[in-house]
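Q: I'll drop the sequence and a predicted model, then ask my questions.
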Amino acid sequence: MGVAPFNNDSGKGEGKRTTGGGRAPVRAVLYMAASAARRFKPVIASMYDRLIKNGKAPKVALVACMRKLLTILNAMKRDHRV
């Protein structure tokens, strides 16, 4: 749920892909939460910095942080630590 990248390729067309799958409201909330977590949560901040250092685009790194945040939240729910 949330962050689901789908390609929209046609023929031999090339270009940047976008994240348009999943639920838009969930994706919007995750985007804001990940941008805040990037500044204040050490786990997310270190992941973001590592991805940027390795040459990823800022928005690509932020989407990866969104997914990481989603997995953390799912694990918290699974373990009843919410």
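A: Done, it's in. This structure is a prediction, so every number in the text was calculated from the model and none was measured.
Q: CA atoms for contacts and neighbours, from now on please.
A: Noted.
Q: Return the distance of the helix or strand where Asn74 lies from the chain's centre.
A: If you go by DSSP states H and E, Asn74 is part of helix 58-78. Remark: helix 58-78 is offset 5 Å from the chain centroid, using C-alpha atoms, centre = their mean, to the nearest Å.
Q: Also stretch 73-82?
A: Distance, stretch centre to chain centre, for stretch 73-82: 18 Å (C-alpha atoms, centre = their mean).
Q: who's in contact with it?
A: With C-alpha atoms under 8 Å, 6 or more residues apart in numbering as the test, stretch 73-82 has no contacts from any other residue.
Q: Next, the buried residues of stretch 52-68.
A: Buried residues in stretch 52-68, counted by 16 or more other C-alpha atoms under 10 Å: 52, 61-68.
Q: Take those and write them to a markdown table, including pLDDT.
A: Compiled in a markdown table, those are given as follows (pLDDT from 0 to 100):
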| residue | pLDDT |
| --- | --- |
| Ile52 | 97 |
| Ala61 | 93 |
| Leu62 | 93 |
| Val63 | 90 |
| Ala64 | 92 |
| Cys65 | 95 |
| Met66 | 93 |
| Arg67 | 91 |
| Lys68 | 94 |
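Q: Export those residues to a markdown table and append columns for distance to Arg23.
A: Formatted as a markdown table, these follow (distance: C-alpha to C-alpha, whole Å):
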| residue | distance to Arg23 |
| --- | --- |
| Ile52 | 26 |
| Ala61 | 20 |
| Leu62 | 17 |
| Val63 | 14 |
| Ala64 | 16 |
| Cys65 | 17 |
| Met66 | 13 |
| Arg67 | 13 |
| Lys68 | 17 |
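Q: Check those against Met32 and report the nearest one.
A: Met66 (9.0 Å; C-alpha to C-alpha).
Q: quick one on the thing from earlier: from the buried residues of stretch 52-68, pick the one nearest Val26.
A: Each of the buried residues of stretch 52-68 was checked against Val26 using C-alpha to C-alpha; the closest is Met66, at 10.4 Å.
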